[in-house]
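*Asks:* here is the input, now give the coordinates:
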Amino acid sequence: QVQLVESGGGLVQAGGSLRLSCAASGRTFSSYAMGWFRQAPGKEREFVAAISWSGATTYYADSVKGRFTISRDNAKNTVYLQMNSLKPEDTAVYYCAAAGPHSDYVAYEYDYWGQGTQVTVSS
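*Replies:* Next up is the predicted model:
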């Protein structure tokens, strides 16, 4: 069982930056691929970024490529999402998720989800 707790959300002006953190419980964090998703009001949840268990491989949605960076610190059981050049359309609740060794995180198969953190970008 893995528990995920996101933090770092808030209100920021367009063009600004935020760094989200997701702290995971458990001793097997390093065996999980991690992802970030977001859901805006009235819209479906969408993929934002993912990182392999080692951190060697990352994936991004086209809408955030070049602006967002996903990273992880396995010693701290934490995954991060650095968000730069934020736009009003980035406003959403951001969720982190963990994919176990038998799940295909590239195909968005995740086993555990956090509760989310609100990011609001004002114009």
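*Asks:* contacting residues for the residue nearest the centre of the chain?
*Replies:* Nearest to the geometric centre of the chain sits Trp36, at 2.4 Å (CA atoms, centre = their mean). Residues near Trp36 by CB atoms under 8 Å, 6 or more residues apart in numbering: 20, 22, 48-50, 70, 79, 81, 94-97. Backbone N, C-alpha and C define where each C-beta goes, glycine included.
*Asks:* phi, psi of it?
*Replies:* phi -120, psi 140 (degrees, to the nearest 10).
*Asks:* cool, Ser7 as well?
*Replies:* According to degrees, to the nearest 10, Ser7 has phi -150, psi 170.
*Asks:* if we ignore the residues flanking it in sequence, what's nearest it?
*Replies:* Nearest residue to Ser7 in three dimensions, chain neighbours excluded: Ser21, at 5.1 Å (CB to CB, 6 or more residues apart in numbering).
*Asks:* pLDDT score assigned to the one you found?
*Replies:* On the pLDDT scale, Ser21 is placed at 98.
*Asks:* ok, now the one 4 residues further on?
*Replies:* Model confidence at Ser25, expressed as pLDDT, equals 93.
*Asks:* cool, Tyr105 as well?
*Replies:* pLDDT, Tyr105: 85.
*Asks:* please begin residue numbering at 705 from this point
*Replies:* Renumbered: residue one is now 705, and that last one reads Tyr809.
*Asks:* before we move on, the earlier item: just the ones in strands from the contacts of Trp740, please.
*Replies:* Counting by DSSP state E, the part of the contacts of Trp740 found in strands is 724, 726, 752-754, 774, 783, 785, 798-801.
*Asks:* next, format these as JSON lines and append distance to Leu708 and neighbour count.
*Replies:* Listed next are the ones in strands among the contacts of Trp740 as JSON lines, based on distance: CB to CB, whole Å; neighbours: other CB atoms under 10 Å:
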{"residue": "Leu724", "distance to Leu708": "12", "neighbour count": "23"}
{"residue": "Cys726", "distance to Leu708": "6", "neighbour count": "25"}
{"residue": "Val752", "distance to Leu708": "15", "neighbour count": "24"}
{"residue": "Ala753", "distance to Leu708": "15", "neighbour count": "24"}
{"residue": "Ala754", "distance to Leu708": "14", "neighbour count": "23"}
{"residue": "Ile774", "distance to Leu708": "14", "neighbour count": "22"}
{"residue": "Val783", "distance to Leu708": "9", "neighbour count": "30"}
{"residue": "Leu785", "distance to Leu708": "13", "neighbour count": "27"}
{"residue": "Tyr798", "distance to Leu708": "12", "neighbour count": "23"}
{"residue": "Tyr799", "distance to Leu708": "8", "neighbour count": "22"}
{"residue": "Cys800", "distance to Leu708": "5", "neighbour count": "30"}
{"residue": "Ala801", "distance to Leu708": "7", "neighbour count": "26"}
